[in-house]
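Peer 1: Show me the folded form of this:
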Amino acid sequence: MKRHHHYKNNKATLYLIPTPIGNLEDITLRALRLLKEVDIVFAEDTRNTRKLFSHYNIQTKLDSYHDFNEESKMGILLDYLDQGKNIGLVSDAGMPLISDPGYHLVQKVIEKDYNVVSLPGANALLTALTMSGLKTQPFVFLGFLDAKAKKRIDMIQSVKYYPETLIFYESIHRIKDSLKDLFNELGDRHFVIAREISKSFEEVIYGQLSEYIQIDDLKGELVLMVEGYQDQEIKDGLSIVEQVDYFILQGFKKTEAMKKVSLMTHIPKNKIYQEYLQSKIEEE
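Peer 2: So this is what the prediction gives:
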């Protein structure tokens with residue numbers, strides 16, 4: 001077990017610093033101060049971050065850290081911390097690590113017992129969710145849907161019975177295919193697309209998945225949200241075994257009933273099978 005009191009030790013620190021997702025005013029005073037105070041900032045896209053630095057007259061040394069050099073740059077970042085230097089990490093926009101690189105770096109920094117401090121700030125998924133009109137809790141963020149159709153459909157099927165609001169990031173090039181697959185796999189649920197959040201072209205599209213064909217070509221960054229599974233058949237207070245029996249009474253085969261309960265509860269199917277089998281043995 002490790003317990004870090006970030007502000008009560010003098011250890012070198014990796015700061016995860018959120019940056020604006022559109023409007024450059026969406027950055028905290030603390031983030032601006034730390035971008036100026038740290039010894040170096042590693043950025044997913046230095047060209048984009050230089051614009052932010054220029055806007056706020058930040059002179060801090062800047063280097064790149066992205067998916068394609070993550071492994072080779074890891075040692076360099078850790079060397080800075082070994083020298084007692086403080087580091088800032090920023091993504092292209094928004095909160096670092098959310099569908100962006102940095103997870104492996106944070107793991108390594110924690111392993112080496114340095115501080116990891118994450119600043120609150122701008123991020124697209126929470127901003128989109130709060131203006132979606134969909135349930136804000138519970139929700140589940142799933143990142144980008146896979147570009148390959150088979151894997152995308154498998155991913156959608158895996159969350160088909162999730163009661164949480166589903167949140168994805170999606171490319172403008174795949175949004176129509178993704179909406180079509182979501183409709184085919186999930187049925188006609190409410191969906192919301194938040195586009196170009198905080199920018200002058202910000203747009204929020206509310207609709208039913210069956211209306212996917214009406215979506216014209218979109219531009220910019222997209223957050224796609226879909227209503228969670230609303231099953232009146234879910235019976236509160238029923239045990240796993242009772243829930244399986246309930247679906248069997250509804251006409252499902254035993255294996256189908258177990259799969260359905262597994263998808264709804266996120267409990268592995270083999271555990272449901274074992275529990276169900278043990279229960280029936282005890283009844284005999």
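
Peer 1: SS state for K151?
Peer 2: When classified by DSSP: H, G, I helix; E, B strand; the rest coil, K151 comes out as helix.

Peer 1: Counting neighbours, what do you get for it?
Peer 2: 11 (other C-beta atoms under 10 Å). All C-beta atoms are positioned from the backbone trio N, CA, C, and that covers glycine.

Peer 1: May I have the predicted confidence score for it?
Peer 2: pLDDT for K151: 95.

Peer 1: in what helix or strand does L142 lie?
Peer 2: Using DSSP states H and E, L142 sits in strand 139-144.

Peer 1: Give the pairing partners of that strand; include direction for each.
Peer 2: Taking DSSP bridges as the criterion, strand 139-144 pairs within the sheet with strand 165-170 (parallel).

Peer 1: and the strand it pairs with, C-alpha only, in CSV?
Peer 2: Extracted in CSV, the C-alpha atoms of strand 165-170 (Å, rounded to 0.1, in the frame of the first residue of the first chain):
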residue,chain,number,x,y,z
THR,A,165,-26.2,6.1,-20.2
LEU,A,166,-23.6,5.1,-22.9
ILE,A,167,-21.0,7.7,-23.9
PHE,A,168,-18.7,7.4,-26.9
TYR,A,169,-16.3,9.6,-28.8
GLU,A,170,-16.9,9.2,-32.5
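
Peer 1: Helices of the protein, start to end?
Peer 2: Counting by DSSP state H, the chain has helices at residues 29-37, 46-55, 70-82, 103-111, 124-130, 149-158, 175-186, 240-249, 254-265, 269-283.

Peer 1: Between those helices, which one is closest to T19.
Peer 2: Nearest of these to T19, taken as C-beta to C-beta: helix 46-55 at 6.0 Å.

Peer 1: How about that closest one, which residues are buried there?
Peer 2: Residues T46, T49, L52, F53 are the ones in helix 46-55 that count as buried (16 or more other C-beta atoms under 10 Å).

Peer 1: just stretch 7-21 next, same as before
Peer 2: A12, T13, L14, Y15, L16, I17, P18, T19, P20, I21.

Peer 1: Just checking the distance from that stretch to the centre of its chain.
Peer 2: Centre-to-centre, stretch 7-21 and its host chain are 21 Å apart (C-alpha atoms, centre = their mean, to the nearest Å).

Peer 1: per-residue confidence at Q232?
Peer 2: With respect to pLDDT, Q232 has a value of 52.

Peer 1: Do me a favour and get the backbone dihedrals for the residue lying closest to G102 once chain neighbours are set aside.
Peer 2: Spatial nearest neighbour of G102, chain neighbours left out: P96 (5.0 Å); criterion: C-beta to C-beta, 6 or more residues apart in numbering. The phi and psi values for P96, taken as degrees, to the nearest 10, are phi -60, psi 150.
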